Each structure stands twice: as C-alpha cells, then as structure tokens.
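Just a sequence and a predicted model for now, questions to come.
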Amino acid sequence: MSLTVIDFETYYDSRFSLAKLTIPEYVHDPRFHVHGVAIRWPDGTTAFRTDVGDAMRELQDAFGSTFEHTCVVCHNAAFDLYILNHKYGIRPAFFIDTMLLAYHVHGRRERGAGQDASLAALAKLHGLEAKGSLEFMCGVRHPSVIQLADLSEYARCDAGITYRLAERLLPQITHPEVELPILMHAVRLFTERSVHVDVQSIERLQREIRESTQRFLEQAGVVEECVSKNTQFTQLLASALARSGRPVPMKQGKNGTIPATARTDPEMQRLLEDDDPHVAALAAARLGKKGQDQQLARLDTLNRIVRCSGGRLPVSLLYYGSHTGRFAGGGGFNIQNIGRAGLGLQIRSLIRPAPGHVFVVADLAQIEARCTAWLAGEQPMLDAFRNNVDIYSEFASRTLGCEVRKPREDDSPELQQSLKQLRQVGKAAVLGLGFGMGALKFRDTLRGNPDTAHLFETGELTAARCHEIVRVFRQTFPCLPQFWQQLENAARIAIDGNQCRVNHHVFHRAQDVLLITLPSGRALRYPNIRFDGSPRTIRFMTEDGTEDAFTPEGSSIIYGRDTALYGGKLCENVVQAVARDLLVEAILRLEKAHLPVAFHVHDEVIVEVEEARGPAAVGEVHSIMTTPPEWAADMPINCDGQLSPCYGK
C-alpha cells in the first residue's frame, strides 16, 4: 500500500503548548489554530497547505473518504490523527506512527535501554537530513510571508524525514500482520474512541479527599506543615513513640539508615493500626497529606481532559511502551496505574459505559504463571492449571504447613484477612520465584508488601523460612531453573555469533543486537549486547537466614546502557512478552467479532456493548479470551469475566 505523510503545524506559545497541556486540552482550546499541513504524496511530491480543508478533500478525492486506498504516516499519530478526527471528521482506515515503530525497533528510552524516538534523534540515528527548529513560530498566530515560507520549508522537511523513517522502520517490524493492526488499535482508543466519565463525582471526590485529610490533621492535633516536612514529622513521631519506649522505624537509604516515614514504607502502613491512638493519628495525618496533593492533581487532570472532551476520556495506551512490547499509560492520565483499592477504586467507578451500554470486564487469570509453566515445559504446574487448581493456595499450604485457600464470604473478617495474607505468600512465590528470584529478594519482597509484612512480626515468616520456600519451589518445579539456565546459555551462544533454540524461542545476533524470536514470531531486541568481565558481587541468603556474598567467575551479559541480563531476567522478559502477545491477539479477535474494546489494563480487557447483548457478550468474550492462538495451541488459558455498570465493580 502507498504511504502518504500528514503533519499538522499549529499555533503555540510559552503558555499554550503540548508541554503545558494534554492533547485534548490543547486541540479543544479556543486558542488552538492550524497554520497548515504538510503532505508527502506517494509520488514523492511534498507540499505545505494553509487551506487545510481543501487539502483534506483533495486527499479524499484521491484515496477515498477514509483514505482507505493509502496508508497515512505520522510521527506521533496521537496528535495528528486527533486533529484529523476532531477538526476535520476523518478517521484513516490505515496508518502507521514512526515514533511507535521506533519503539518497536529501537526500544523506548524512558525504559532504560532505548533510543530517543523524537524525529530529530531518529533522523540523526538513520543518517537523514537534520530536522529544523520551530522556535521562530513561538507566539506567532498570524505569520508573515517570510515566516510562512520558513514554516513551509520546516514542515516539508519533517514530512520527508517521516517518510524515509517509515521506509527504514517498517521492514524491521516483526510479526507485522499483528503488530501493525494493534498499533492502529492503540492509537484509535485515543483519537477515535473514548469512555464516559462521571464528571460531577470528580469534584465530590476532590472535596472528600480534602475533608478527610483535614480530619486526620485535627485528630492528630497538628497542621499540614508538621506532617509534610520530613524533619518536623520525624520529631513528632519520635516524641509519640518515646512514650512507649520505641524508636522511629528506620530503613536503609543510599547513605545509611533513614527514617521509614514514606507513604510506601510498610513500617508507616503498620503505624496506622498502632495501639497508641496518637501514633496512629500521626501516621494517618502523614499519609493522608502525602497522598492528597498527588490524588488531587490526578483528579484535576482527569477533570480537565473530560470536560474539554464532552464528558468523555480519550484513553491513552502507548504501543510498545515497555521493552517486552507491553502497553504503557500516558496522555496526562495514566489509566494503567489507577489502583484497585481506596481512591483507585473510586476513580475506577467514575469510568462508565455510555447510556444503554454495559462493560464486560475480562481478565486473563494467572497468565504469567501459566506462560512460565508452558514455556519451561513444567508439566505438573500445567496440569494444575488445566484442572483449575488454585496453585497459589496449594503452594502456600505446602510450604507454610497449614490450610490456605481463597477467603469465603461466610469466613470471619479475621480469617479472611489471615487467608488473604497467607495466599499472598503463595502468589508471590509462584510469580516471583518463577523468574529466578532468590531468598534474599523474596524475603524483602514479602516484607515490603503490606499484605504480608505483618507475618514477619507474628513469626509466621522468617528469613530462614523464606529460604526454605525458595528451595521447595525449585525442587517442586525443576524445569524452571533448568529453563533459566538454558535461556542464559542460548544468549551467550548467540552473542558469540551462533544461532540457538530453546523450546519455543530462537536466539541470534544481528550486528550488536541480540534478537529472541518468540513463539508468536515477534522478536525481542536487546541493543548494544556485550560481555562484561568486570568483577561483581552477588548477595544471597544462607539456609539459616543470614546474609552473605560471593564474586562469581566469568563475564556478565550487558545490553543497552548498563543493564544486566541473566537467566531469570530473560525468563521474565519472554514470559511477559508472550503474555502480551496472547492479550494482543485476543483483542484483535474481539474487535473482529464486533466486541469493541474500550480499553485494556495489563492483562484485563474492558469491552463495551449494548445492555441487551451484555449476558451473551460475557460468554463470547470468555470464549475468545480463552482460545489460544495456533502458536500456543496447548497452553491452558483461563479468563475471569463479568458484566459491570462501571469499571470499578
């Protein structure tokens, strides 16, 4: 299919720009103004048109009402296609985004090992002409003839760079028959679709947050400044704890021990239930104030976006937002990290289907653990999943010496809490230990989780028991540690220049990039791959629970800037990548079955359908989500799905 580049040039100034506003706020603002559009036609002709409406009609005459006879190319399609849809009513049938293609090929810099995907950086990387500067147009709403000529040259240059980037990047996209449609799907969620949001309840939530924080402050008898500033709060807490002969809880910082008074510190979480009501009140005031500003800012952003978008939220999910290809949130309001409890649950409940519609919320159950077992060929674990065994509870029961199961409604609150904590140990083990986690990190992970930290205080968990859990896990599922070693060996062989295969994966090296071809046909890329012989120290936990360290022989595998790669990390990467590929193909099948996906979060898909279709849609969604693709035909996949009047239920 031919490629046609479209690149809008719009008014901006020091206060009105995409650096200050989200795309919906910017485009729907009265100050928004299109100077013109650069178009690079398939025959190589490049033009800058200030009569944008006429230019769009000419494109429609040439390629159809939705440009269906060409593929539109943009750099940052979320911006250009949002304008194209909301200002000119055109939704291209086919398009690509060179920025997102670069994430697939080069990685995303924000994740630590990628390449800056700006047009200027990519032009330099690929040896193209240098991108110009647009600073001369800052604050210029009515350009002079000279400024307009300079803008035309600038825009046509950008269009040419974008086209040549597309030529270079497209052939490097692996599994394009799936990757290009899912790229378009992700962009369309933002530029063409949106979800309804209860705007009035946003302001109610903001008011409740302020009132709640004020109550905490009054109960503690302090003012905001006292709990906001670290030094003042530490002094207050020290005085309160001293009455019962206790010191301020401490943690390890970069330069020694420091007070453990951050919102995420388990020690602070436990102080919320302290026997001393004054200590508990101080902790509540501290956490309430620390969370208030972030919560209010998030709700304020949501409020601004939704109000300018007619009561709806354009969902921003960034294609290839992580190294493994998983999506990332963005757009000013990250729908992927809302949370499932407290305020997060309340924010979720604001997101609702349109009137007369309902959500089908479906989640791929234990998908990473299932992928791990399938990739490693761990038959007992696979059989457990096929027989619908609650593997988290089963492993926790085996290692903790007591019955562990999912809590039931008729259980007492105390029993429900205990079962939740114990099952979380099994879940952390099956998920974390499957990726090669050692006893030391396993202990720290459980200590850092508010759901399991209390078990160390009661003695149900100790460092030695954590070591024993790790030992039992590896003994019970021996194919997993073998798989880690096989992956690392294959990587080393490939780095030396020889292709190698491990189960469903093919390793080979292309120049300085290690490529791992996944079962789906997509490839993971590790740029600047190399061996590093620098000595390194690895800390570990002994059988009796004490800490020690050793210096391993041989070289390490390093990629990107300085990211270490080893068997467990490779296992984690390929598992998350395969889980992502399963989700992606399920999304495309749902769309093909006319089950429109409103958005998706991690391994969860939210489908919006008419109420009358709701009950049947639950079964349809379940069937599609649990049907594996041909490349994973024997993988046991399960899905939990239900109808919901909002995202939060």
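Received it, and whenever you're ready, just let me know what you need. Since the structure is predicted, the reported quantities are computational estimates derived from the model, not experimental observations. Numbering: from 1, shown residues only.

Return the helix or strand in this protein with minimum mean pLDDT.
Least confident helix or strand, the chain: helix 266-271 with a mean of 81, by mean pLDDT, DSSP states H and E.

Now the helix or strand following it: buried residues?
Later in the chain than helix 266-271, the nearest helix or strand by DSSP states H and E is helix 277-308. Neighbour-count burial for helix 277-308, counted by 16 or more other CB atoms under 10 Å, picks out 278-292, 295, 298-299, 301-306, 308. C-betas here are computed from N, CA, C, even on glycine.

With stretch 2-20 instead?
Leu3, Thr4, Val5, Ile6, Asp7, Phe8, Glu9, Thr10, Tyr11, Tyr12, Phe16.

Make CSV out of these and add distance to Ala564 and secondary structure.
Below are the buried residues of stretch 2-20 laid out as CSV (distance: CB to CB, whole Å; DSSP: H, G, I helix; E, B strand; the rest coil):
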residue, distance to Ala564, secondary structure
Leu3, 39, strand
Thr4, 43, strand
Val5, 40, strand
Ile6, 42, strand
Asp7, 40, strand
Phe8, 42, strand
Glu9, 44, strand
Thr10, 43, strand
Tyr11, 47, coil
Tyr12, 42, coil
Phe16, 44, coil
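
okay, these in CSV with pLDDT and distance to Glu177 next?
Formatted as CSV, the buried residues of stretch 2-20 follow (pLDDT from 0 to 100; distance: CB to CB, whole Å):
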residue, pLDDT, distance to Glu177
Leu3, 97, 18
Thr4, 98, 21
Val5, 98, 23
Ile6, 98, 24
Asp7, 97, 27
Phe8, 98, 30
Glu9, 97, 34
Thr10, 97, 34
Tyr11, 97, 40
Tyr12, 96, 38
Phe16, 96, 41
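
closest to Arg580 among the residues you listed?
Leu3 (27.2 Å; CB to CB).

How much space separates Arg204 from Leu350?
The gap separating Arg204 from Leu350 is 10 Å, by CB to CB, to the nearest Å.

Ok, Met56 next?
35 Å.

ok, these two, which is more surrounded?
The residue with more neighbours, out of Met56 and Leu350, is Leu350; 24 against 20, by other CB atoms under 10 Å.

pLDDT at the closest residue to the more buried one other than its chain neighbours, what is it?
Nearest residue to Leu350 in three dimensions, chain neighbours excluded: Asp198, at 4.7 Å (CB to CB, 6 or more residues apart in numbering). On the pLDDT scale, Asp198 is placed at 91.

and Asp198, how many neighbours does it have?
Neighbours around Asp198, by other CB under 10 Å: 15.

how far does the least confident helix or strand of the chain sit from the chain's center?
27 Å (CA atoms, centre = their mean, to the nearest Å).

Need the CA coordinates for it. PDB is fine.
Taking C-alpha atoms only, helix 266-271 is exported to PDB below (Å, rounded to 0.1, in the frame of the first residue of the first chain):
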ATOM      1  CA  PRO A 266       5.500  -1.000  55.400                       C
ATOM      2  CA  GLU A 267       6.500   0.400  58.700                       C
ATOM      3  CA  MET A 268       4.400   3.500  58.200                       C
ATOM      4  CA  GLN A 269       1.500   1.400  57.000                       C
ATOM      5  CA  ARG A 270       1.600  -0.600  60.200                       C
ATOM      6  CA  LEU A 271       1.600   2.500  62.300                       C
END
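
which SS class is the residue nearest to Pro247 when sequence neighbours are not counted?
Counting by CB to CB, 6+ apart, the nearest residue to Pro247 once its immediate chain neighbours are dropped is Leu241, at 6.5 Å. Of the three states, Leu241 takes helix according to DSSP: H, G, I helix; E, B strand; the rest coil.

Now do Leu241 against Phe216, distance only.
For Leu241, the distance to Phe216 - CB to CB - is 18 Å.

Likewise for Cys74?
48 Å.

And the two? Which one has more around it.
Set side by side, Cys74 and Phe216 show more neighbours around Cys74, with 25 against 21, by other CB under 10 Å.

doesn't Asp7 make contact with that one?
Yes - assessed by CB atoms under 8 Å, Cys74 is found in contact with Asp7 at 6.7 Å.

Residues that sit against both of these two, list them.
Asp80, Thr162 (CB atoms under 8 Å, 6 or more residues apart in numbering).

which stretches of the stretch 451-600 of the chain form strands?
In the stretch 451-600 of the chain, the segments counted as strands under DSSP state E, counting those that start in this stretch are 500-502, 505-510, 513-517, 523-526, 530-532, 538-541, 547-550, 556-559, 563-565, 597-601.

do the stretch 301-450 of the chain as well
Under DSSP E, counting those that start in this stretch, the stretch 301-450 of the chain gives strands at 312-313, 317-318, 328-329, 351-352, 357-364.

Kindly provide the distance from the spatially closest residue to Leu282 that is not a sequence neighbour to Met268.
Spatial nearest neighbour of Leu282, excluding adjacent residues (CB to CB, 6+ apart): Ala220 at 5.0 Å. As judged by CB to CB, Ala220 and Met268 stand 14 Å apart.

low-scoring stretches of the stretch 101-250 of the chain, by residue?
110-115 (pLDDT under 70).

at 50 what do you get?
Along the stretch 101-250 of the chain, the model assigns pLDDT under 50 to residues 111.

so who does Pro628 touch?
Leu582, Asp634, Met635, Ile637.

what about stretch 9-24, how long is it end to end?
16 Å (CA to CA, to the nearest Å).

Next, the residues that contact it from outside, please.
In contact with stretch 9-24 (CB under 8 Å, 6+ apart) are residues 26, 29, 31-38, 48, 78-79, 82-83, 134, 137-141, 151, 154-155, 190, 301, 304-305, 308-309, 314, 331-333.

elements contacting the least confident helix or strand of the chain?
helix 277-308, helix 450-458 (3 or more CB pairs under 8 Å, 6 or more residues apart in numbering; DSSP states H and E).

which strands and helices sit next to the longest one?
Same thing as helix 277-308. helix 23-28, helix 199-220, helix 224-228, helix 230-242, helix 266-271, strand 312-313, helix 343-350.

I'd like the distance between Gly401 and Thr476.
15 Å.

Comparing those two, which shows the higher neighbour count?
Shown here are Gly401 and Thr476; by other CB under 10 Å, Thr476 has more neighbours (14 against 10).

Tell me the spacing between the more buried one and Glu394.
In terms of CB to CB, Thr476 sits 10 Å off from Glu394.

which residues do these two both contact?
Joint contacts of Thr476 and Glu394 (CB under 8 Å, 6+ apart) do not exist.

so Phe540 bridges to which residues?
The bridge-partner assignment for Phe540, based on DSSP bridges, gives Asp548.

tell me the domain ranges of the protein?
If you go by automatic domain parsing, the domain ranges for the chain are 3-194, 197-313, 356-365+579-644, 379-476.

Quick one: closest of these to His504.
domain 356-365+579-644 (7.9 Å).

chain center to that closest one: distance?
19 Å.

From the opening residue of that domain to its closing one, how far?
Per CA to CA, domain 356-365+579-644 runs 12 Å from first to last residue.

cool, stretch 256-265 as well?
16 Å.

got a list of contacts for it?
Contacts of stretch 256-265 (CB under 8 Å, 6+ apart): 230, 233-234, 237, 248-252, 266-268, 286-287, 290-291.

for the record, mean pLDDT for it?
Rounded mean pLDDT across stretch 256-265 is 84.
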